[in-house]
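Asks: no letters, just coordinates:
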């Protein structure tokens, strides 16, 4: 790798200062979620923090999308709760390692190519639902709080959105956290801090092998969880990579990202972390703050462990109000506001898919279910649209011959309307079935043509099939029976 390529990978189209400062900003966006998602998964907060450190540092070197941030994620944490509750942390660590192995294999098999089957409307719904979940996750922090909490959150947002009008030398979110923390400390205001969210030690992560039986029974326990974690993690990572690609007008290596996520999760599992993936909100914030290269991701990981080990006493004093304000900003940045503006311009089916995807995720709190429902609904709409068939006819030769002109796709979903377009008892001698504007796709279509030809023949009407393209002709020759000597209708 030459020097220019190395510079592009590690700095992007930004500079060293912006990459480092944006990485520091993102650290403060990672920490509260790492702690919160640990609580969701049912493990100690340090597990989430170790995850943040391991994933960001490893992904900085082996990931496929420079500038993208990976850490503990809500989409994966929700899948771990039952495993932790039933079997404990050691099984979660083993499941995390297996998750990484599965993702490595998926990278080798180049599963990223299947991303093209996820419609844009589903991606928009996924992103918007995630933004809503991030926003909603901050609301419990206001429970039982008095006016100082609201004032500090408002102050955080004011600094974040107003400071850039005067200066962009240092990212506004970083200034906001420092200012609000100083205000909280020097005024001794009664508000919750990061230290109140859980016990934070100053211990470095150490290598450990999960203390579980190495047996088939253990594999049967963790494999379903690992498979789900691998799929959901890569899905969110691929979507995040695509969003960052669009923001930066650059391409990323999705298969390398799959291998990178796998490698990072394997290492996280051996160092006391849980399975994670790329984070849309934090990645968007990183890019908007000037972090375009791998240096910003590495900075986020290194600064995470610095805060945990060296600045632990300062970290625990950061008011949650400052982090809640930061998460609100991430929620706003994550939401695809343009999708709302164009809602009345896109097709009704696309709008429906996006809205249903959002509602599914918000109701189930499971991003994978939302995407699955969105993809299935898109497929149903596509089949319904593709199944529309048009059959026109006209009579020639003084009423002795009728020509049927067929337009559309002939497959299982359209054959019913196709067959019903014909009247088989007519006072004619011959029919031309013109399929030059049609495409035969499957056995159901061949069976429909058999049915039409044989029913006309039963009424003494000869049928000529014309206009078949090469693929349709091949399928007819292989499977049709209407022109065979022992012809009769069969189940295709």
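Replies: Structure's in. What do you need? In this text, all values refer to a predicted model and were calculated from it rather than measured experimentally.

Asks: ranges for the strands of the chain?
Replies: In the chain, the strands defined using DSSP state E lie at 70-71, 277-278, 390-396, 401-410, 430-440, 462-466.

Asks: give the buried residues for the longest helix anywhere in the chain.
Replies: Once the chain is assigned using DSSP state H, the helix that runs over the most residues is helix 216-248. Of the residues in helix 216-248, 218, 221-222, 225-226, 228-244, 248 count as buried by neighbour count, 16 or more other Cβ atoms under 10 Å. The C-beta positions use only the backbone N, C-alpha and C, and glycine is treated the same way.

Asks: same question, stretch 112-129
Replies: 112, 118-119, 121-129.

Asks: what's it in contact with?
Replies: Stretch 112-129 has contacts (Cβ atoms under 8 Å, 6 or more residues apart in numbering) with 238-239, 242-243, 254-255, 257-258, 280, 334-336, 339, 346, 350-351, 353-358, 360-362, 367, 370-371, 374-375, 378.

Asks: check what pLDDT residue 490 gets.
Replies: We have a pLDDT of 54 for residue 490.

Asks: nope, residue 402 is what I was after
Replies: 95.

Asks: adding distance to residue 390, write the buried residues of stretch 112-129 out as CSV.
Replies: Formatted as CSV, these follow (distance: Cβ to Cβ, whole Å):
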residue, distance to residue 390
112, 38
118, 30
119, 25
121, 27
122, 29
123, 32
124, 32
125, 32
126, 35
127, 38
128, 37
129, 38
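
Asks: so what's residue 407 bridging to?
Replies: According to DSSP bridges, the residues that bridge with residue 407 are residue 390, residue 437.

Asks: for residue 221, see how far away it is.
Replies: The gap separating residue 407 from residue 221 is 55 Å, by Cβ to Cβ, to the nearest Å.

Asks: likewise residue 461?
Replies: Counting by Cβ to Cβ, the gap from residue 461 to residue 221 is 66 Å.

Asks: go on, residue 447?
Replies: 47 Å.

Asks: so which of the strands of the chain gets nearest residue 85?
Replies: strand 277-278 (21.7 Å; Cβ to Cβ).

Asks: what is the rounded mean pLDDT of the closest one?
Replies: Mean predicted confidence for strand 277-278 is 96.

Asks: and for stretch 94-101?
Replies: Here the average pLDDT along stretch 94-101 is 98.

Asks: and the contacts of it?
Replies: Here stretch 94-101 has contacts from 80, 83, 210, 212, 218, 222-223, 225-226, 229-230, 233, 261-270, 273-275, using Cβ under 8 Å, 6+ apart.

Asks: let me know the pLDDT of the closest residue in space to residue 400 that isn't next to it in sequence.
Replies: Computed as Cβ to Cβ, 6 or more residues apart in numbering, the closest residue to residue 400 that is not its neighbour in sequence is residue 429, at 4.8 Å. At residue 429, the predicted lDDT confidence score is 92.

Asks: ok, residues contacting the lowest-mean-pLDDT helix or strand in the chain?
Replies: The weakest-scoring helix or strand in the chain, judged by mean pLDDT, DSSP states H and E, is helix 312-315 (a mean of 83). For helix 312-315, the surrounding residues in contact (Cβ under 8 Å, 6+ apart) are 31, 194-195, 200-202, 307-308.

Asks: in these, which residue is surrounded by the most others?
Replies: Greatest neighbour count in those, by other Cβ atoms under 10 Å, goes to residue 31: 26 neighbours.

Asks: can you tell me which residues contact it?
Replies: 49, 52, 194, 304, 307, 315, 323 are the contacts of residue 31 under Cβ under 8 Å, 6+ apart.

Asks: looking at these, which are in helices?
Replies: Per DSSP H, the contacts of residue 31 map to helices at 49, 52, 304, 307, 315, 323.

Asks: closest one of those residues to residue 165?
Replies: residue 323 (23.2 Å).

Asks: now for the closest one, how many residues are close by?
Replies: With other Cβ under 10 Å as criterion, residue 323 counts 26.

Asks: now find how far off-centre the least confident helix or strand of the chain is within its chain.
Replies: 34 Å (Cα atoms, centre = their mean, to the nearest Å).

Asks: and that helix, what's buried?
Replies: Neighbour-count burial for helix 312-315 [16+ other Cβ under 10 Å]: 312, 315.

Asks: got any ranges where the stretch 151-300 of the chain has weak pLDDT?
Replies: The stretch 151-300 of the chain contains no residues with pLDDT under 70.

Asks: ranges for the helices of it?
Replies: 172-187, 216-248, 254-270, 280-288, 294-309 (DSSP state H, counting those that start in this stretch).

Asks: for residue 4, find the nearest of these.
Replies: helix 294-309 (14.8 Å).

Asks: buried residues in the closest one, which are they?
Replies: Quick answer for helix 294-309 (16+ other Cβ under 10 Å): 294-308.

Asks: which neighbouring elements make contact with it?
Replies: helix 3-11, helix 16-41, helix 45-62, helix 280-288, helix 312-315 (3 or more Cβ pairs under 8 Å, 6 or more residues apart in numbering; DSSP states H and E).

Asks: so that helix versus helix 16-41, what angle?
Replies: 50 degrees (axes from the mean of the first three to the mean of the last three Cα atoms, to 10 degrees).

Asks: quick one on the thing from earlier: now the helices of the stretch 151-300 of the chain in JSON lines, with distance to residue 465?
Replies: Below are these laid out as JSON lines (distance: least, Cβ to Cβ, whole Å):
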{"stretch": "helix 172-187", "distance to residue 465": "68"}
{"stretch": "helix 216-248", "distance to residue 465": "45"}
{"stretch": "helix 254-270", "distance to residue 465": "45"}
{"stretch": "helix 280-288", "distance to residue 465": "52"}
{"stretch": "helix 294-309", "distance to residue 465": "60"}
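
Asks: for residue 454, which of these is the nearest?
Replies: helix 216-248 (46.8 Å).

Asks: now do that closest one against helix 254-270, angle only.
Replies: When the same axes, to 10 degrees is applied, the directions of helix 216-248 and helix 254-270 differ by 130 degrees.

Asks: helices or strands up against helix 216-248?
Replies: Secondary elements touching helix 216-248 (3+ Cβ pairs under 8 Å, 6+ apart): helix 74-87, helix 89-108, helix 120-138, helix 254-270, strand 277-278, helix 280-288, helix 367-386.

Asks: mind doing that once more with 6 Å?
Replies: helix 74-87, helix 89-108, helix 254-270, strand 277-278, helix 280-288 (3 or more Cβ pairs under 6 Å, 6 or more residues apart in numbering; DSSP states H and E).

Asks: between it and helix 45-62, how many degrees?
Replies: Using the same axes, to 10 degrees: helix 216-248 against helix 45-62 is 60 degrees.

Asks: relative to helix 89-108, how tilted is helix 216-248?
Replies: Using the same axes, to 10 degrees: helix 216-248 against helix 89-108 is 60 degrees.

Asks: number of residues surrounding residue 430?
Replies: 15.

Asks: meant to ask about residue 364
Replies: 14.

Asks: if I look at the nearest residue to it once chain neighbours are set aside, how far off is residue 232?
Replies: Nearest-residue entry for residue 364: residue 370, 7.1 Å, with adjacent residues in sequence omitted and distances by Cβ to Cβ, 6+ apart. As defined by Cβ to Cβ, residue 370 lies at a distance of 11 Å from residue 232.

Asks: swap in residue 139?
Replies: From residue 139 over to residue 232 (counting by Cβ to Cβ), the distance is 24 Å.

Asks: try residue 477
Replies: 45 Å.

Asks: before we move on, what about residue 250?
Replies: Counting by Cβ to Cβ, the gap from residue 250 to residue 232 is 25 Å.
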